[in-house]
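K.L.:
what follows is a predicted protein model with its sequence.
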Amino acid sequence: MRPLDKLRLPYENALRAERHRLVETLEGLSDDDFDAGTTLCAEWAPRDVLGHVIGLDYFLSSYLPHGLRVNDANQAQADRARAVSRERLMEWARHWADRPSTTSRFGAGVLLGDLGVHHQDIVRGLGLTRQVPDDVAGAIFREGLQLSLWMNRRVLRHRLVPTDGHRPVGRGPEVRGTREALGMWLCGRDSVRGELEFA
């Protein structure tokens, strides 16, 4: 074993745990839901979302060929997943959950939020529910704060008040809700709006 493999990095255990939870969610889906079910990611089924999050482990080869065209890189990841069977893709996913790439291990603090959002995209899109772990809820909220800065500016126009354990953030009219729901809303998932309280 290489010395780097023995090193435990911040958020690495949480990232592995959430990857395993996503695999468990996907293993419980019917073939129809896996291949064509609704998610909160427009035009993506659960298998496409899985292809994207797996593709993040191959950051350099996934994104460098596309330059600044991040959406093109994301779609290429989903398209790659479409080209393999469910059995093969899930085998790949179990390996991905067990053995994050070195870049993902070092970026676990950021990737945990992205992974949590996409797990919720699948769960919420299919009308399912799950208990979101505390560390994942916090990561989803942080992901929303970051993405909102360049996606929709909601973070700049509202005072965000988590009702489950985080200090308020921002200025303006208050929006109250769980960290998970606030984070999803900040990421542009407007279907969660009914779970939030707007001043």
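P.N.:
Arrived safely, thanks for sending.
K.L.:
alpha carbons only for contacts and neighbour counts from here, please
P.N.:
Will do.
K.L.:
any idea which helix or strand carries the residue nearest the centre of the chain?
P.N.:
Centroid-nearest residue in the chain, with CA atoms, centre = their mean: residue 115, separated by 2.6 Å. Assessed by DSSP states H and E, residue 115 sits inside helix 108-125.
K.L.:
ok, residue 14 next?
P.N.:
Under the criterion of DSSP H and E, residue 14 resides in helix 12-27.
K.L.:
now that helix: average pLDDT?
P.N.:
Averaging pLDDT along helix 12-27 yields 97.
K.L.:
over to stretch 156-165?
P.N.:
In this model, stretch 156-165 has a mean pLDDT of 96.
K.L.:
distance from it to the middle of the chain?
P.N.:
20 Å (CA atoms, centre = their mean, to the nearest Å).
K.L.:
so which elements touch the next helix or strand along the chain from the helix holding residue 14?
P.N.:
Following helix 12-27 in sequence order, the next helix or strand is helix 31-36 (DSSP H and E). When contacts are defined as 3 or more CA pairs under 8 Å, 6 or more residues apart in numbering; DSSP states H and E, helix 31-36 packs onto helix 46-55.
K.L.:
contacts for the helix it packs on?
P.N.:
26, 33-39, 41, 62, 74-75, 77-82, 86, 93, 96, 115, 118, 122 (CA atoms under 8 Å, 6 or more residues apart in numbering).
K.L.:
just the buried residues out of those, in PyMOL syntax.
P.N.:
To isolate the buried subset of those in PyMOL, counting by 16 or more other CA atoms under 10 Å, use the following:
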select buried, resi 26+33+34+35+37+38+39+41+62+74+75+77+78+81+82+86+93+96+115+118+122
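K.L.:
residues in contact with residue 198?
P.N.:
Residue 198 touches 173, 174, 175, 176, counting by CA under 8 Å, 6+ apart.
K.L.:
now with 7 Å?
P.N.:
Applying CA atoms under 7 Å, 6 or more residues apart in numbering to residue 198 gives the contacts 174, 175, 176.
K.L.:
what's the closest non-adjacent residue to the first one?
P.N.:
When you say that, I think you mean residue 174. residue 159 (4.6 Å; CA to CA, 6 or more residues apart in numbering).
K.L.:
contact partners for the one you found?
P.N.:
The contact partners of residue 159, by CA under 7 Å, 6+ apart, come to 168, 169, 170, 171, 172, 173, 174, 175.
K.L.:
now with 10 Å?
P.N.:
Going by CA atoms under 10 Å, 6 or more residues apart in numbering, residue 159 touches 168, 169, 170, 171, 172, 173, 174, 175, 176, 198, 199.
K.L.:
residue contacts, the second one?
P.N.:
Going back to what we said before, that points to residue 169. 145, 155, 156, 158, 159, 160, 161, 162 are the contacts of residue 169 under CA under 10 Å, 6+ apart.
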